[in-house]
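> Quick one, what's the 3D model for this:
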Amino acid sequence: MSSPTDDLRSIMESTLLTFLGHQALNRNVDPSVPASMTTSECLWYIKPDSFMTKYPFVDGVKTSAEQKEHMGQEIKIMEESRNKILDSTIDAVARKGSAHVEHWTKFDGSKPSIMEICWFVNFTDDGKKISKVVKFIDTAEGSKTIEDMARGGYKLEEEAAKKESGQV
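Model (predicted):
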């Protein structure tokens, strides 16, 4: 017989796996889907801080709306990406989850890359939405990804300047 905690754990696991599945992008993906799985107040953090220091134009904290916009820009220059979930953990009592993922990406005009990402999320009380996202990235591959995005025509520095000036 399943307990309420087992049921909640299953809901949270489904939410996490669906969310991670929608981080894999191609030109046919709707960038609003991952954002719709988060609360409107959800903040998305990119870590480690040393990566953000090296690339100050990369926004280390985004709202769900900003993340949706960013993903929409990435889709324009991305041929394909996919995730392979290596490990995941759900803590139903604390309403938290984590996952170790290999993220395969191919931007226009670049070679494919594989970046390891560790995701840490907080869930709403019912487990159906994510209320906080921390994306801890492989910095060596993250640097290559920024270079590939720039070669593909995505202007990260210009996007950051627009945001800073209030134009976005």
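> And stretch 40-58, end to end?
Taking CA to CA, to the nearest Å, stretch 40-58 runs 21 Å from one end to the other.
> in that stretch, what counts as buried?
Using 16 or more other CB atoms under 10 Å as the test for burial, stretch 40-58 gives C42, L43, W44, I46, F51, M52, Y55, V58. Just so you know, the C-beta spots here come from the backbone N, C-alpha and C atoms, and that holds for glycine as well.
> pLDDT on it, on average?
On average, the pLDDT along stretch 40-58 is 85.
> From the chain's centroid, how far away is it?
11 Å (CA atoms, centre = their mean, to the nearest Å).
> what's in contact with it?
With contact meaning CB atoms under 8 Å, 6 or more residues apart in numbering, stretch 40-58 is reached by 38, 59-64, 66-67, 129-137, 139, 142-143, 146, 156-157, 159-161.
> if you count residues, which helix in this structure comes out on top?
If you go by DSSP state H, the chain has its longest helix at helix 4-21.
> Just the CA coordinates for that helix, please, in PDB.
Extracted C-alpha coordinates of helix 4-21, given in PDB (Å, rounded to 0.1, in the frame of the first residue of the first chain):
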ATOM      1  CA  PRO A   4       0.900   9.900   0.900                       C
ATOM      2  CA  THR A   5       4.700  10.400   0.900                       C
ATOM      3  CA  ASP A   6       5.200   7.800  -1.700                       C
ATOM      4  CA  ASP A   7       2.500   9.400  -3.900                       C
ATOM      5  CA  LEU A   8       4.100  12.900  -3.400                       C
ATOM      6  CA  ARG A   9       7.500  11.400  -4.300                       C
ATOM      7  CA  SER A  10       6.100  10.000  -7.500                       C
ATOM      8  CA  ILE A  11       4.600  13.300  -8.500                       C
ATOM      9  CA  MET A  12       7.800  15.200  -7.700                       C
ATOM     10  CA  GLU A  13       9.800  12.600  -9.700                       C
ATOM     11  CA  SER A  14       7.500  13.000 -12.700                       C
ATOM     12  CA  THR A  15       7.700  16.800 -12.500                       C
ATOM     13  CA  LEU A  16      11.600  16.700 -12.400                       C
ATOM     14  CA  LEU A  17      11.900  14.200 -15.200                       C
ATOM     15  CA  THR A  18       9.500  16.000 -17.400                       C
ATOM     16  CA  PHE A  19      11.200  19.300 -16.700                       C
ATOM     17  CA  LEU A  20      14.600  17.800 -17.500                       C
ATOM     18  CA  GLY A  21      13.200  16.300 -20.700                       C
END
